[in-house]
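J.: Okay, predicted coordinates and the sequence, questions at the end:
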Amino acid sequence: MTDVTASRPLSERTQLIRKNLRRRHMSETIFRALGLLAIIVALGFVALLFADILRKGVPAFTQSNLHLTATFDPEIIDVGPPPGRIAGQSEAEFRAASLKWQREVAMLNWNKVVEASLRALAPAGYEIAAKDLLTIPETDARHRLREMFVADPSLLGQTVKVDVLASANADNWIKGNIDRSLPDSQQQLKAPARALIDQFVSNGTISMGFAWSLLTNVDSRAAPASSGLLGALVGSLYMMLIVIVLAVPIGVAAAIYLEEFAPKSRLTDFIEVNINNLAAVPSIVFGLLGAAVFINYMHLPISAPLVGGLVLTLMTLPTIIIATRGALLGVSPALRQAALGMGASKTQMVFHHVLPVTFPSILTATIIGVAHALGETAPLLLIGMKAFVASVPATPLDQATALPVQIYLWQGNENRNFFESHTAAAIMVLLVLMIALNGIAIFLRSRLERRA
Amino acid sequence: MNSLIIAALLLVLLGLAYQTGWARGGALATATGTKVHSRPQYHASYVAVWTLVPALIVLLLWAVFGGGITLNFIREQIPADVLAGLDANGLNALVARIHALASGYGVVGEIQPYEAAAGNALRSFQFITFLGVVAAAAVAGLGAMLYARSRITARHRARNAVERVIGFVLFACSAIAILTTAGIVASLLTEAIKFFTFINPLDFFFGTVWAPNNAATGGDYGKYGLLPLLMGTLMITVIAMCVAVPVGLMAAIYLSQYAPRQLRAVAKPIIEILAGIPTIVFGFFALVTVGPFLRDIGAAVGLNINATSALTAGVVMGIMIIPFVSSLSDDILNQVPRTLRDGAYGLGATQSETIRSVLLPAALPGIVGAFLLAVSRAVGETMIVVLAAGNSPVLRGSIFEPVATITVSIVNQLTGDTDFAGPQSLVGFALGLTLFVITLGLNIFALYIVRRFREQYE
């Protein structure tokens, strides 16, 4: 009897519990799946982003080259010999004379030289207008020839092999960046030019090569196919140097003061709150500061890497200060007390014992801060680094642009077909630099920490 | 050349002073039987500081006033009748010619006799003043060095003096942080106040039309209503949070509570890569990939979605903020004491029940703080919005239409010319001030919440 009365409610309860448990386990599984889904989504975004940039950027690293055989025909190049140095002539007068000669050379119709060499490569009697023929090589082909002649006037009358880049439109056509089935009216190149390009490709006059120009040339508007990143790379390099030279010593010194020496006072509390807030101020506000103080008030040169470097320094400082403070805080009190116990002064304790231990962390924080500054765009736009600069800056005071700003400028270019992959390639260069910096940071930290 | 000589002078002074101090300090230590207070290198550094500072002050004074003095000298060399006939540009050109003559580079064109005379005079003047400045710096440095040397005795506290200098330098470095904040506030405020002399603040903060007139076209200044921009910022931020918070929070929960160690070791750094990618890259991604993709999806379901819209910018910004939310939430979840969790398990709760009804409520303040920090990041983000939001400062409610934000308008108004005379560019600072106040408020509030949360469990 006790069996019956006890077992019936028990089994009912068990059923209830079982049912309840199933529901609870179900929701457990769902919750867990949601978590996994979130991870997959986040990782998927990373993969998607990198795959997309790679897919778009990799084609830009190969570019079509046109192998010309150019003849420096004396009938076209109708110019006297370059001026020599005359005794008693001042430096300025000699420069004026040779500039005058160079101007005369530049006035010649170099397109005729390019055209003649292209016609020599085309099948005999191929009908194409000179204007359409010249759309095949990059517009700077004539400058290349002219510069060769200026550098070596003895080339007059000779025939030399020259490799020039194919124009951006020709490159699009060859790579298939532009839809080949589009009607004539929507094609950038005329039909005879397109047919000739295909012939050139099949007979090897045009071949694909690694696009060194992307890394060794400066930006160019007139000759988009030859535009490269060198100017931007040098501009970014100057800024990184300024950031390293200024932000690291100042940041580390400030962190040492706040962590080790500062008395607990209102002032140091205020500095602390300040630094924490500065770290979270939007970067564009630093650009406003740069525009108002460095350019409008101090009259530092506009578009200069110096100003960009100063703005990025101010932006990076809080990061370095906070990271260094964290590193100092992590040093074991035993080390400090041992140093003090041996009679070291506080300064000696900090500089001789505490700081060397924190070196790996400070180094890592510095490199990560610099990498972050390398990718920053918005503040640079406000201090005029958006300007088109077609030269490599010789000093940090010259006009320059920076790698991320160059990306910004290129993505806005009208020749979408060509510049979309060019921009993606520039992004790849930027990302490779940043990954390299971060890799160095990780490598150094693991190495130095093992030794310590 | 000149800077090389000056650098050499400073190096020589430094070496001499250090050596002098070292020798003096060392001699004291060996000559007298008494104990010397400081070690020789402190005496050396003490003398070096005393030597370099006066020399640097002399050089600094010349760097500041030298240009004006030289210019005055050149003007005196130019005959009065020539000087009277020159405007500012002509004078500059003439001064440049005289400089070119003095340096021996030569100039184009005929050289006037007075130009040649002025060039010669300038050359000797430059030579003499340079020698004079170098000599003055050297004398000041050496004099101070001798004085410092004479103060070194066995009981002289050189170490304390040097450490005071070090302490001062350290303090000066940390004061730069305050100067930066002061610079930001001062420059934003002064330029914004200038802007408000053109435009009524009420029209700015409550205006519903954003239509600045180009400075070049003349006419009136146009309309500067903040509300369309604020609306755009708000829309994009909300969309970004709708993407970032669920994904980031769930990822943090899974990584900190469920994931096996290997998965955590791989997935966490990969997600954090997103935080290191420059925003311009996200902008490009949004513009060329996400925007067209969303437009095609919209077309498939019959919605008219613009390729550049609040939705595009918001989604991509959300992706950018995921690691921010996830790593902050991860930290906060790890700070919740183990005992709370163990208690819940002891009562028979499943893992997800523990997380939902014990862990998350306990971590809620911290997570709200992280959320606010992420919002402030989204509000201040620039490049994604510049590229992908379409820049259309019109007040409307649809997230499928192009919008403009505060940051986009700052970039639009302030790039190109830096003539800070008209409201067209000054408005950038008023917008910057608005942005600064919004983000500062969010940050302070968020940090306050996070700190309160930490104190609760410490």
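T.: Done, it's in. Numbers count the residues shown, from 1 in each chain, chains lettered A, B, ... in the order given.

J.: Next up, the contacts around residue A:415.
T.: Residue A:415 makes contact with A:168-169, A:224, according to C-beta atoms under 8 Å, 6 or more residues apart in numbering or on different chains. All C-beta spots, glycine's among them, are computed from the backbone N, C-alpha and C.

J.: So which of those are in helices?
T.: Secondary structure of the contacts of residue A:415 is defined by DSSP state H; positions in helices are A:168-169.

J.: Dump the contacts of residue A:415 into TSV; add pLDDT and distance to residue A:264 as well.
T.: Compiled in TSV, these are given as follows (pLDDT from 0 to 100; distance: C-beta to C-beta, whole Å):
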residue	pLDDT	distance to residue A:264
A:168	86	64
A:169	85	68
A:224	82	61
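
J.: could you dump the contacts of residue A:415 to CSV with neighbour count?
T.: Supplementary listing: the contacts of residue A:415 in CSV, determined by neighbours: other C-beta atoms under 10 Å in any protein chain shown:
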residue, neighbour count
A:168, 25
A:169, 24
A:224, 23
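
J.: My understanding was that residue B:305 contacts residue B:290; is that so?
T.: No. In this structure residue B:305 lies outside contact range of residue B:290 using C-beta atoms under 8 Å: 11.1 Å.

J.: I'd like to know which of the contacts of residue A:415 is nearest to residue B:133.
T.: Sorting the contacts of residue A:415 by how near they are to residue B:133, with C-beta to C-beta, puts residue A:224 at the top with 51.2 Å.

J.: Tell me which residues touch the closest one, please.
T.: A:168, A:413, A:415, A:418-419, A:422.

J.: same question, residue A:328
T.: Applying C-beta under 8 Å, 6+ apart, we find residue A:328 in contact with A:255-256, A:259-260, A:354, A:358.

J.: do the same with residue B:35
T.: Neighbours of residue B:35 in contact, by C-beta under 8 Å, 6+ apart: residue B:154.

J.: three-state assignment of it?
T.: Using DSSP: H, G, I helix; E, B strand; the rest coil, the secondary structure recorded for residue B:35 is coil.

J.: Give me the distance between it and chain A.
T.: For residue B:35, the distance to chain A equals 13 Å [C-beta to the nearest C-beta, to the nearest Å].

J.: Top of the contacts of residue A:328 by number of neighbours, please.
T.: For those, neighbours were counted using other C-beta atoms under 10 Å in any protein chain shown, and residue A:255 has the most, 28 neighbours in all.

J.: That one is in what secondary structure piece?
T.: Secondary structure here is read from DSSP states H and E; on that basis residue A:255 sits in helix A:230-256.

J.: which secondary structure elements does that helix contact?
T.: For helix A:230-256, the helices and strands in contact under the criterion 3 or more C-beta pairs under 8 Å, 6 or more residues apart in numbering or on different chains; DSSP states H and E are helix A:213-216, helix A:305-329, helix A:355-374, helix A:403-411, helix B:158-198.

J.: Need the winner for burial among those.
T.: Ranked by average neighbour count under the criterion mean count of other C-beta atoms under 10 Å in any protein chain shown, these are headed by helix A:403-411 at a mean of 26.

J.: What's the first helix or strand after that one?
T.: Counting by DSSP H and E, the element after helix A:403-411 in chain order, helix or strand, is helix A:416-451.

J.: any idea of the angle that next one forms with helix A:355-374?
T.: Angular relation of helix A:416-451 and helix A:355-374 on a 0 to 180 degree scale: 180 degrees, by axes from the mean of the first three to the mean of the last three C-alpha atoms, to 10 degrees.

J.: now for helix A:416-451, which elements pack on it?
T.: Here helix A:416-451 touches helix A:2-57, helix A:168-175, helix A:213-216, helix A:355-374, helix A:403-411, helix B:279-285, going by 3+ C-beta pairs under 8 Å, 6+ apart.

J.: Break the chain into its domains for me.
T.: Just so you know, I chose chain A. Taking automatic domain parsing as the domain assignment, the record places the domains of chain A at A:66-211, A:230-451.

J.: that's the other chain; I wanted chain B
T.: Structural domains assigned to chain B are B:2-156, B:206-457, following automatic domain parsing.

J.: Out of those domains, indicate the one that is most buried.
T.: Burial among the domains of chain B, expressed as mean neighbours by mean count of other C-beta under 10 Å, is greatest for domain B:206-457, which shows a mean of 20.

J.: closest to residue B:453 out of the helices and strands packed on helix A:230-256?
T.: Closest of the helices and strands packed on helix A:230-256 to residue B:453 is helix A:305-329, at 19.1 Å (criterion: C-beta to C-beta).

J.: Now do the closest one against helix A:403-411: the angle between them, please.
T.: 130 degrees.
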